[in-house]
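Q: Build me a model:
(chains A, B, C and D)
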Protein chains: 2
Amino acid sequence: MQESLSTEQKILEAASQVFIRKGYDGTRMSDIAQAAGINKALLHYYFRSKENLFEKIFFTYSSKIIPNLDALIENTSMSIFEKIEKFVCIYIDFLIENPNIPIFIFSEIHKNPAILINRIKDPQSPIKMPNIHHLVWQFAEEAAKGKIKMINPFHLLVNIVSMCIFPFIGRPMMQTVLKMSDDDFKGFMQYRKQEITQFIIDAIKI
Amino acid sequence: MQESLSTEQKILEAASQVFIRKGYDGTRMSDIAQAAGINKALLHYYFRSKENLFEKIFFTYSSKIIPNLDALIENTSMSIFEKIEKFVCIYIDFLIENPNIPIFIFSEIHKNPAILINRIKDPQSPIKMPNIHHLVWQFAEEAAKGKIKMINPFHLLVNIVSMCIFPFIGRPMMQTVLKMSDDDFKGFMQYRKQEITQFIIDAIKI
DNA sequence: GTCTATAGCGAGATAGAC
DNA sequence: GTCTATCTCGCTATAGAC
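A: Predicted structure coming up:
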């Protein structure tokens, strides 16, 4: 924690770490205060309540779990294969840097789905669906041209996202059972970028 | 809750529902008591503490997340393609009946990895790895025969498991964003069994 | 075995000095 | 803005009657 950060920034930084690690229910305001190097009263001075502070953190990270890929998706000069390769690479690199965000976000949504419903109605919702129609359209077009197999585009999307995210959800179990260090896991995921890309291409090419 | 169940069974049934829905930290003993139709004191009479009751539930369900597939894996009369098809079918059918177990188990392990470490050292550990060596050997053999592509067997396993489990982790988000009912989601996963099987076969066949 | 009543503690939130 | 002290409530756990 750098001394130069504003108190508000120190709190947000500390709260992110603790909430992501322990979840909303498992987090104590005193843990956050300690991690930020201040005391409990100051948390309430800046953020009024635990719930309010949590929402700030949750909405920051829930917007990151669906990264902004509009530029990639709408690019007209890349083939479908290049787009898939780029997507896998960008997304896994992001998750290697932020490995605990997926389990945190999905777990909180599971415990309290309303937190999502409220925000989707909100016009300022940070949960933006990327321009899927454009992608679906491109899949259909390339299939019509005979360049890829006819495949349900939505299942294909779910397949790609699943293979990228799930290893991070199951990471603690995998590392424990297979005695992998954190560096082992990083290496596994680095290598996996090529592995997945090849797997998907083999699955859809004619 | 049937009147004919023993009190202990009623408690375990109620505790499963509440713990899986709310997690350890989010669960109150009074919620469980109410769901079981009894009062708090009786919970402690039967299970002594919240932690003790939780461990019973956790270890029951953590053993189910890696289903017993030894018979399938060790079957010598089935091709690799048939085994994959069977595996996907059995596993997704199980998850359709128990859609919230994965997020519950992975979330609790994330918050407290020690709960796993302690049990793996335990010889009576319910977390049994299936006989992966046999499967890896079969992959290598079929690849050598030229029946499937040379592919890293461990990544292939992770791919298969990811595509089966992840939709259940992301289910609340997917259902909310795409306005899917519970029945819509079930139908989606039923159809997905064939979709995934075909995808994997296309990816690995020569 | 099952209940009511309550002990005891921990956590979120606030008051008020500096 | 930042701190110490404290209020208040809710939760786990136990005591003890039936």
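Q: Check which residues of the helix or strand A:Glu13 falls within are buried.
A: Per DSSP states H and E: A:Glu13 is located in helix A:7-26. Neighbour counts over helix A:7-26 (16 or more other CB atoms under 10 Å in any protein chain shown) mark A:10-12, A:14-20, A:22-24, A:26 as buried. The C-beta positions use only the backbone N, C-alpha and C, and glycine is treated the same way.
Q: now stretch A:161-179
A: Residues A:161-176 are the ones in stretch A:161-179 that count as buried (16+ other CB under 10 Å).
Q: filter the buried residues of helix A:7-26 by proximity to chain B?
A: Contacts with chain B within the buried residues of helix A:7-26, as defined by CB under 8 Å from any CB of the partner chain: A:Lys22, A:Gly23, A:Tyr24, A:Gly26.
Q: so which pair among those residues is furthest apart in space?
A: Greatest spacing in these, by CB to CB: A:Lys22 and A:Tyr24 (8.3 Å).
Q: A:Cys164 touches A:Phe94, doesn't it?
A: No. A:Cys164 is beyond contact range of A:Phe94, at 9.4 Å (criterion: CB atoms under 8 Å).
Q: how long is stretch A:87-107 from one end to the other?
A: Taking CA to CA, to the nearest Å, stretch A:87-107 runs 24 Å from one end to the other.
Q: and the gap between A:Gln9 and chain B?
A: Distance of A:Gln9 to chain B, given as CB to the nearest CB, to the nearest Å: 26 Å.
Q: Any figure for the gap between that residue and B:Met174?
A: Between A:Gln9 and B:Met174 the distance is 34 Å, computed by CB to CB, to the nearest Å.
Q: Now do the same contact list for A:Lys83.
A: Listed by CB atoms under 8 Å, 6 or more residues apart in numbering or on different chains, the contact partners of A:Lys83 are A:Leu72, A:Ile73, A:Asn75, A:Leu135, A:Gln138.
Q: Nearest to B:Asn118, out of those residues: which one, please.
A: Of all these, A:Leu72 has the smallest distance to B:Asn118: 43.8 Å, by CB to CB.
Q: Centroid-nearest residue for chain A?
A: By CA atoms, centre = their mean, chain A has its centre lying nearest to A:Ile65, at 2.8 Å.
Q: Longest helix in chain A, please.
A: Determined from DSSP state H, the single longest helix within chain A is helix A:182-204.
Q: That helix relative to helix B:182-204, how many degrees between them?
A: 90 degrees (axes from the mean of the first three to the mean of the last three CA atoms, to 10 degrees).
Q: and helix A:182-204, average pLDDT?
A: Averaging pLDDT along helix A:182-204 gives 98.
Q: Show me what that helix packs onto, helices and strands only.
A: Where contact means 3 or more CB pairs under 8 Å, 6 or more residues apart in numbering or on different chains; DSSP states H and E, helix A:182-204 is packed against helix A:80-97, helix A:153-169, helix A:171-177, helix B:153-169, helix B:182-204.
Q: which one of those lies closest to A:His110?
A: A:His110 lies closest, by CB to CB, to one member of the helices and strands packed on helix A:182-204: helix B:153-169, at 8.2 Å.
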